[in-house]
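>>> give me a 3D structure for the following:
(3 chains, ligands or ions: 2)
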Amino acid sequence: MSVLVSAYQSVLRGLEQMSLVIAGIVLLGMGGIMTASVLGKELFLRPVPDDLLMVGLLNVAVIVLPLAYVERTRGHIAVSVTTDWLPPRALGALRAFGAFAMAIFFGGIGFMVSLRMPGEIAKGAYYDGALQIPTWPMKAIFGFGILLLVLRLLSSIAAGVTTAITGRDEDPSLSEGAH
Amino acid sequence: MDPLIVGLLALAVTVFLLAIRVPIAAALGISASIGVFIIFAWRPGGEFVAAYAWRPTLSLIANGPYDFLKSYSLATVPLFILMGHLAYEAGFTTDIYRAARLWLARLPGGVAMASVLGCGGFSAITGSSVACAAAMGRIAIPEMLKFGYSKSLASGSVAIGGTLGSLIPPSILFILFGIFAEQSIAKLFMAAIIPGLLSLLAYMLVIFIWVSLRPEAAPRPTETITNADRWRSLGKCWSIVVLFVVVIGGIYAGYFTPSQAAGVGAYAALALGLLLGRLNFSKIAAALKESVYQSSMIFAIALAGKIYVSFIALTGLSGAIGDWIATSDASLALVLLLIVILYLVLGMFLDSIGIILLTLPLTIPIIQGFDLSLIWFGVVVVKLLEIGLVTPPIGLNVFVIKSIVGTQIKLETIFKGIGVFLIAEVFVLGLIVCVPAVSLWLPSVLQ
Amino acid sequence: APRELRFAEFGPNAGARAGGLEWLDEEMRKRSNGELGLDIIWGGALVGAAGAAQAISDGVADMGSIVPVYAPGQLVTYEVVDTPQFPDEYVGMMATYDLMTQNPTALKEAEDFNVVYFGNYTTGPTQLLTRDKPVKSLADLEGMTIRATGAFVPAIEGFGGATVSVSQPNVYEALSNGSVDGSTTYYYVVDGYKQYEVAKYMTELNMGQTLAFGIVFNKGAYDSLTPEQQDMMNELGHDFTVRMAEIMHTSRTETKAKLAAGIDGKKVEMIDAPDDMRKAMIDLAEKDAVNWAEKANGKGLDADAVRGDFDKRVADYQAKVDSEGYPWK
Ligand code: NA
Ligand code: NA
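Numbers count the residues shown, from 1 in each chain, chains lettered A, B, ... in the order given. Ligands and ions are numbered 1, 2, ... in the order given. The predicted structure is shown next:
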């Protein structure tokens, strides 16, 4: 059992790390497209075709890929002043509930967006423009980022429940109340 | 069930979820989604039929955020953040803050004032307050903390300074207002300049008073500073000056738009850092990592906020309040007061663009009915929206700052810092509302 | 109490199109004896332009304004109406209305997408607004940076201009700081988006209009109406389209006069595009229609048949206008 759990954790960590790196590269690419478009227009009267569309689409990856990593470091912002006085067990329960709420909300979005993908692939749907960029690939990345987040949230729920039972937080340095 | 009641209940649920430490994104998203579901399932006068509600609810909560994330104008925010991080990693910001500290050593809270001034300058680059707070926050807060500034002063001054982003032109909020109100955008931009500068001045005054009363909030340099030190520190600032000149100059000379300035600015910081040998692979990697991390945190909340706006639109809440004000036969003063309260309350929960879309169709006819200047009203509305960015529980600029400082500073500490500035905001707002000339004088002489 | 259909409108409650929608709401209440009305949610507060078609298909709103290009692959037949280059609002809108309510391919696509077509808008003919250099001939385009979309991209690049994409609300800033020298635009947009404040010249190209731009019902909402209400709404959709054609036609003439006279002292100088310039640009723009045909064939539609059907309807309405004039005169 614990072997499985630690395998789950290490695979998840690896994927989160990878997603973070990809998001960083994509962000650099976004700026590159904008800059190249400006230079291309000034120097050769040729801006990058479909630059607005591409930059917008790439932004989806920049936002969604790091979501799981942010959750791992307990970075998703919450209000803590109202509950700081609670004992660790109660805070564990709240943490589990908060992660559950995140999983329902983001999981719902990811599921619905991914659901449209097969139809779009079948129809060959693409965004109007010079490059005829297909609609589905960014939705696939969106779905992947959300899936990763949900997997991480499951682990947060488990950690919260553990704290609620044992009264111990496995990594209190990360929690707001510790400061 | 009456959609109005659903709306009010959902607001209560939001506050409850926030209070029990549900992450802000989920608290907004879940309460809005449940509200949307109830409205679709429970048509006025009909029975509750859950089957009606699944498809539209899921459609709204999925497509809305996806379309929101893939919009070009929002994509500039992560790039402005990257520009801030690259400038920080290259040490450009350290240079300028060292100079500010040495030159402003005698001024109480001098470095905080310099930060607010920097926000004012940055707002001439970007039309977005969130981008302004994000980039300036990364530049300013770590430096202020290094100098021993109090957490609430350091974070509060940048959060409030960031609100200048949409008040001082260029500003997407004024463009939207101009389109809705059929008013000259050029005049709106001009009208906002004096109120923007007044706000800036008010923030500096607050810092002055704050630090005069509590000197420990902003310790002055203890070492002896010679004039040679001062000039040497200034000499080191040329790199960040070049960066600002490239970006501001590029915009005003017409090489690129304020949106493109985000990408160009990030690459200019990158190129400058590499040329000067002040950036290497690990520093660039760190900047990229921090940028996407922070963007992800901020947008997770912003996309949930998008659903919240759609939900409020479905409830007809703002329409009902608008109708109520319009038909109340109240005096001008009372109507203005009610409108101000409406914007402040919506500003507690919703984002600025959402509020514009929801309210302008209702408030503009009311203002026209009293034969008041819509240019003046535009400035009032944008100022109110900017205040909404820093009021609890949902203050996007505050979350932006929180995303920069991580666990170093607690959310309520930032809100506390802002609380002090809000006193000044009340005065500035009162002046803008009661003395229309503050807004209307400049456009009248420049015509 | 009347049943209020929830209507998602992405535009503001100001300008020519908003006037048409207010007329629609009043007319609906009148013709249904107070049984039906609209609850219009303006400004995209419920859903924006990009998401509107899908949202109405899903029932987020009962009705709403849509641009089918934003729902890739769903209403491809509808998109054909943007391929031919001609300026007449009434002819274009009525031909589109008939195509969307009679062509079997169009009806099938709408049904598959869970929407029912109601009526049409138009942007009016495409013009070229320039900042500080008048464009009086093809040679003037050389080296200029113009904001353009769709078929106008090849039409401008073919004559040595650069094109950039800038979203309509951001055109003001782009013109204002000179990062574009001009923009393809429409009279009502020049007025509504205040573009005349930051540009001095307008070359009247009178090229094609955006006609793939209209109102649809959610199918469930339409089906929930009584047969009498459906008949009333079908007729109203037709009358709305005629009314909108009149509004857009007169608003173009009025805006033109207003811009020439100057608004708040900001004048726009009107330039008639020479015939050869207009013709040459239209030739290039028309060639862009292959992209649509490819898309339609890719979806298994008969592109030639659809385009042929639309062209015939356009020709018929043009003949009718030539002999009888517009219905509102
Ligand atoms: Na600004
Ligand atoms: Na707020």
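>>> gap between the two ends of stretch A:111-129?
Start and end residues of stretch A:111-129 are separated by 28 Å (C-alpha to C-alpha, to the nearest Å).
>>> how about the residues of chain A near chain C?
Contact residues, chain A versus chain C (C-beta under 8 Å from any C-beta of the partner chain): A:37, A:41, A:45-47, A:50-53, A:120, A:123-128, A:130, A:132, A:135. (Each C-beta comes from the backbone N, C-alpha and C, glycine too.)
>>> again, only using 6 Å
Counting by C-beta under 6 Å from any C-beta of the partner chain, the residues of chain A close to chain C are A:41, A:45, A:47, A:52, A:123, A:124, A:125, A:126, A:127, A:128, A:135.
>>> for the stretch 301-447 of chain B, same thing?
Going by C-beta under 6 Å from any C-beta, the residues of the stretch 301-447 of chain B near chain C are B:310, B:313, B:357, B:358, B:361.
>>> tell me the one of those nearest residue C:109?
Comparing these against residue C:109 with C-beta to C-beta places residue B:310 closest, at 26.6 Å.
>>> check contacts around that closest one.
Residue B:310 is in contact with B:60, B:64, C:46, counting by C-beta atoms under 6 Å, 6 or more residues apart in numbering or on different chains.
>>> and the residue in the stretch 201-329 of chain C that chain B sits nearest to, how far is that from ligand 1?
Scanning the stretch 201-329 of chain C for the residue nearest chain B gives residue C:264, at 6.1 Å (criterion: C-beta to the nearest C-beta). With the distance defined as C-beta to the ion, to the nearest Å, residue C:264 ends up 23 Å from ligand 1.
>>> point me to the residue of chain B nearest chain A.
Minimum separation of chain B from chain A (C-beta to the nearest C-beta) falls at residue B:263, amounting to 2.6 Å.
>>> centre-most residue in chain A?
residue A:67 (2.6 Å; C-alpha atoms, centre = their mean).
>>> I'd say that one and residue A:149 touch.
Yes: using C-beta atoms under 6 Å, residue A:67 is in contact with residue A:149, at 4.3 Å.
>>> between these two, what contacts are shared?
Counting by C-beta under 6 Å, 6+ apart, nothing touches both residue A:67 and residue A:149.
>>> can stretch B:120-139 be found next to ligand 1?
Yes: using C-beta under 5 Å from the ion, stretch B:120-139 reaches ligand 1 at B:123, B:127.
>>> hmm, that stretch touching chain A?
No: shown here: stretch B:120-139 not in contact with chain A (C-beta under 6 Å from any C-beta), separated by at least 13.1 Å.
>>> and the pLDDT at the residue of the stretch 201-329 of chain C closest to chain B?
Looking at residue C:264, its pLDDT stands at 84.
>>> leaving out sequence neighbours, find the closest residue to it.
residue B:184 (6.1 Å; C-beta to C-beta, 6 or more residues apart in numbering or on different chains).
>>> give me the distance between the one you found and ligand 1.
For residue B:184, the distance to ligand 1 - C-beta to the ion - is 18 Å.
>>> that residue: how many residues sit nearby?
A total of 22 residues lie near residue B:184 under the criterion other C-beta atoms under 10 Å in any protein chain shown.
>>> hang on, the earlier thing: can you read off the pLDDT for the closest residue to the residue of chain B closest to chain A other than its chain neighbours?
Among residues not flanking residue B:263 along the chain, residue A:34 sits closest, at 2.6 Å (C-beta to C-beta, 6+ apart). pLDDT, residue A:34: 95.
>>> quick one: is the lengthiest helix in chain C near chain B?
Ranked by residue count, the top helix of chain C under DSSP state H comes out as helix C:227-261. No: using C-beta under 6 Å from any C-beta, helix C:227-261 stays clear of chain B, with a minimum separation of 12.5 Å.
>>> starting from that helix, tell me the next helix or strand along the chain.
strand C:269-272 (DSSP states H and E).
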